[in-house]
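S.K.: what's the 3D shape of this:
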Amino acid sequence: MISVTRDKDESNKGLHSILGNPVIYSLFGRLLGMHNKYRMYVDKFIQPNANIRILDIGCGTAEILNFLPSTIYYAGYDINPAYIQYDRKKYGHKADFYNTRVNDMALKDHELFDVVLADGLLHHINDIEAEKLFTIGYRALKSKGFMLTIDPVLIKGQNYLTRFICAVDRGRHVRSPEEYKKIALTSFHQVEINIIDGGRYFQQSGCILKCLKD
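M.R.: Here you go, the predicted model:
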């Protein structure tokens, strides 16, 4: 079971605590340029056709739906009930949302997914829980499907401000690209690393893993 030990893995004190409010979280994301990130994420990495099935683990406020075709099937899972209530009200007419842990799903072969997303989740969980996340993603995918993760990352030559932003992130497990990949390889045989270093798509250094199912 994937669970976050809040005092060790994620900070929810002070300013961080208000990000549990979906409206504030959504506004904060827009201020950080998250819509640019979603647009890049969809156009460059997901490249969805009209009928694919997408599973979003830790979907948050599900704003990526603003950049996906309306004809796809999308299922979002999050353990924050406030996020799920917000998502159902805003996007419930075109997606399914579940306030439960994704590992409680009982999938059948015809319900498997083409794409599994875990956006900004890995740096909130420890290595053992992260391995379980990739196991869940692998099992939920169709053959030739892929799992995408994106998280803040520590890289050589990183400027002080970017490293400081990583240090004060709510998630306490910001890793190097190699550390992220090592965990993904416990379930997937093919893992591609892509680094987004600031710019208009991401306000800090980001690591995108594309994990392909055989």
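S.K.: let me see the ranges of the helices in this structure.
M.R.: Using DSSP state H, the helices found in the chain span residues 6-9, 22-31, 34-40, 81-91, 127-140, 160-167, 177-184.
S.K.: packing partners for the strand ranked longest in the chain?
M.R.: Using DSSP state E to define each element, the chain has its longest strand at strand 141-152. Applying 3 or more C-beta pairs under 8 Å, 6 or more residues apart in numbering; DSSP states H and E, one finds that strand 141-152 contacts strand 113-119, helix 127-140, helix 177-184, strand 205-212. C-beta here means a position set from N, CA and C on the backbone, and glycine is covered the same way.
S.K.: counting by contacts, list what the shortest one packs against.
M.R.: Contact partners of strand 113-119 among helices and strands, from 3+ C-beta pairs under 8 Å, 6+ apart: strand 53-57, helix 127-140, strand 141-152.
S.K.: again, 10 Å this time
M.R.: Applying 3 or more C-beta pairs under 10 Å, 6 or more residues apart in numbering; DSSP states H and E, one finds that strand 113-119 contacts helix 34-40, strand 53-57, strand 73-77, helix 127-140, strand 141-152, strand 205-212.
S.K.: ok, which of those comes nearest T100?
M.R.: Closest of the helices and strands packed on strand 113-119 to T100 is strand 73-77, at 6.5 Å (criterion: C-beta to C-beta).
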